[in-house]
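K.L.:
structure, please.
(one chain, ligands or ions: 1)
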Amino acid sequence: MLANVKILRIMALCFSSVILLFVQSAAAQKFEQLGKTPQLGWNSWNTFGCNIDEKMIKDMADVMVKSGMKDAGYEYINIDDCWHGERDAKGFIQANKKQFPSGIKAVADYVHSKGLKLGIYSDAGNKTCAGRPGSRGHEYQDAIAYASWDVDYVKYDWCDTKDINPKAAYTTMRDAIRNAGRPMLFSICEWGDNKPWEWATDIGHSWRTTGDIDPCWNCEHSHGSWSSWGVLRILDKQEGLRKYAGPGHWNDMDMMEVGNGMTEAEDRSHFSLWAIMNSPLIAGNDLRGMSDNTRKILTNKEMIAINQDALGIQALKWIDDGDIEIFIKPLAKGDYAVLFLNRADSEKIYVHNWPFNEMKDDISKHEINFNKQHFNWKNVWTDATGNTYSNLTISIPAHDVVVLRLTPKK
Ligand code: GAL
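P.N.:
Below you'll find the model as predicted:
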């Protein structure tokens with residue numbers, strides 16, 4: 001009899017442990033339905049830094065709708081660093097009362113009323129990069145606060161994290177978000193320092209691959225212990241990373257600098273490269289004052305369709321011809337996007353012999369023999385058309401791109 005009771009007790013214990021394990025593993029997941037294609041949005045940091053307030057954020061939501069960006073696919077309005085006030089007596093974070101007197105929930109309500117979503121920013125350390133309260137030790141409380149404000153997106157930075165294990169820190173925040181119960185896209189921002197592409201597939205929906213961007217073509221700006229980088233520098237740092245990206249987990253090349261001082265050609269290249277590389281497309285300019293050229297670049301629907309293609313295959317560098325590099329990205333239904341980049345400071349006339357150049361992608365297993373397979377193409381920026389039977393001769397201005405969408409000939 002006593003033995004039976006003991007067996008029953010052991011069984012009950014085993015059963016409850018299994019339940020507990022089940023509950024824990026159910027908790028330990030990111031929200032899988034988010035980020036199936038790279039996220040599209042706007043973020044305050046590149047233009048405004050800490051100079052942000054609720055009126056400006058709401059204005060951006062208005063312009064995102066009026067400018068046609070929402071129609072083009074942009075979805076998130078993301079508040080970066082410096083929205084924070086103090087923690088309350090229980091440790092819950094509050095918005096800064098001067099900058100956000102109505103609170104984040106009111107901003108989220110407004111952004112939602114425009115059919116858009118709201119993103120927020122925190123940091124795995126005690127302090128954010130701008131010295132505001134970080135989430136360390138408050139991860140679950142912070143995620144609960146964001147969820148209660150109806151936030152849809154969390155960017156999580158990496159300042160003040162000496163001695164913290166990156167995988168553990170990002171896992172804790174992922175679990176905290178899951179526990180808070182509201183689907184929030186989780187954007188990892190540790191600048192690629194700890195190779196998140198090797199460990200963050202199940203943790204975040206995207207991870208930054210580099211340090212911060214600067215609005216320049218091929219520069220490095222040193223800030224002492226860290227550097228910020230121009231467009232080509234960030235592009236070159238993507239080498240070897242494409243195999244890690246896919247639906248739900250993207251290589252993030254940082255928020256864009258389109259409209260922030262580069263030439264039109266450079267802005268077009270920047271946007272096209274980020275798009276073909278499946279980077280999240282997060283505008284970083286002041287949308288309110290943007291020029292028509294900037295608006296046209298940011299809302300090029302065919303370029304965005306290449307970025308948002310359902311296969312989610314990041315482009316590969318197909319041909320490296322010195323100043324000219326050719327990227328190719330397999331798309332759904334047998335289409336391809338081909339991007340010719342002119343890195344040089346002068347215009348190039350380039351001749352590309354389609355039949356002469358086979359394409360073999362060992363990672364996505366796509367292959368093209370242009371002798372056997374023929375395509376029509378359309379220039380995504382000029383609407384010019386052609387086919388792949390003959391040589392392609394193109395003029396590419398300095399720092400510019402030519403982007404073609406290839407569709408199989410029937
Ligand atoms: C950096 C981050 C930037 C921006 C900034 C805010 O670490 O890479 O994108 O968020 O912090 O302080």
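K.L.:
residues from the protein in reach of the ligand?
P.N.:
Contact residues (Cβ under 6 Å from any ligand atom) of the chain with the ligand: 45, 80-81, 128-130, 157, 159, 189, 212. The C-beta positions use only the backbone N, C-alpha and C, and glycine is treated the same way.
K.L.:
could you verify my assumption that residue 78 touches residue 46?
P.N.:
No: using Cβ atoms under 8 Å as the test, residue 78 is too far from residue 46 to be in contact (11.0 Å).
K.L.:
please say which of the two ends up with more neighbours.
P.N.:
Shown here are residue 78 and residue 46; by other Cβ atoms under 10 Å, residue 78 has more neighbours (28 against 24).
K.L.:
show me what contacts the more buried one?
P.N.:
Neighbouring residues of residue 78 by Cβ atoms under 8 Å, 6 or more residues apart in numbering: 41-44, 118-121, 153, 155, 282.
K.L.:
can I get those residues in CSV including pLDDT?
P.N.:
Listed next are these as CSV, based on pLDDT from 0 to 100:
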residue, pLDDT
41, 99
42, 99
43, 99
44, 98
118, 99
119, 99
120, 98
121, 99
153, 99
155, 99
282, 99
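K.L.:
out of those residues, which are buried?
P.N.:
Listed as buried from the contacts of residue 78 are 41-44, 118-121, 153, 155, 282; burial here means 16 or more other Cβ atoms under 10 Å.
K.L.:
go through those residues and flag which are in helices.
P.N.:
Assigned to helices by DSSP state H, none of those qualify.
K.L.:
any idea which element residue 349 lies in?
P.N.:
strand 348-352 (DSSP states H and E).
K.L.:
for that strand, the distance to its chain's centre please.
P.N.:
Relative to its chain's centre, strand 348-352 lies at 32 Å (Cα atoms, centre = their mean, to the nearest Å).
K.L.:
now, which of the residues of the chain next to the ligand sits nearest residue 360?
P.N.:
residue 189 (34.3 Å; Cβ to Cβ).
K.L.:
residue 398 versus the closest one, what's the distance?
P.N.:
Computed as Cβ to Cβ, to the nearest Å, the residue 189 to residue 398 distance reads 32 Å.
K.L.:
and the two? Which one has more around it.
P.N.:
Taking other Cβ under 10 Å, residue 189 and residue 398 do not tie; residue 189 has more neighbours (26 against 16).
K.L.:
my guess is the more buried one meets residue 157, correct?
P.N.:
Yes: between residue 189 and residue 157 there is a contact under Cβ under 8 Å: 4.8 Å.
K.L.:
ok, which stretches of the stretch 251-400 of the chain are helices?
P.N.:
Here the stretch 251-400 of the chain has its helices, by DSSP state H, counting those that start in this stretch, at 264-276, 292-298, 301-307.
K.L.:
hey, which of those helices is tucked in deepest?
P.N.:
Of all the helices of the stretch 251-400 of the chain, helix 264-276 has the most neighbours on average by mean count of other Cβ atoms under 10 Å, namely a mean of 24.
K.L.:
quick one: pLDDT of the spatially most central residue of the chain?
P.N.:
The centroid of the chain falls nearest to residue 280 when counting by Cα atoms, centre = their mean (2.6 Å). Confidence at residue 280, expressed as pLDDT, is 99.
K.L.:
same question for the one 4 residues further on.
P.N.:
Looking at residue 284, its pLDDT reads 98.
K.L.:
quick check: closest non-adjacent residue to it.
P.N.:
Excluding the flanking residues, the one nearest residue 284 by Cβ to Cβ, 6 or more residues apart in numbering is residue 46, at 2.9 Å.
K.L.:
next one: residue 345
P.N.:
In space, and not counting its chain neighbours, residue 345 is closest to residue 398: 5.2 Å by Cβ to Cβ, 6+ apart.
K.L.:
before we move on, what about residue 194?
P.N.:
Nearest one to residue 194, counting by Cβ to Cβ, 6+ apart, is residue 166 at 4.2 Å.
K.L.:
what distance do you get for residue 348 to the ligand?
P.N.:
Computed as Cβ to the nearest ligand atom, to the nearest Å, the residue 348 to the ligand distance reads 33 Å.
K.L.:
right, and that residue touches residue 321 too?
P.N.:
No: in this structure, residue 348 is not within contact of residue 321 by Cβ under 8 Å, at 9.6 Å.
K.L.:
the two: which is more packed in?
P.N.:
The neighbour count for residue 348 versus residue 321, taken as other Cβ under 10 Å, is higher for residue 348 (18 against 11).
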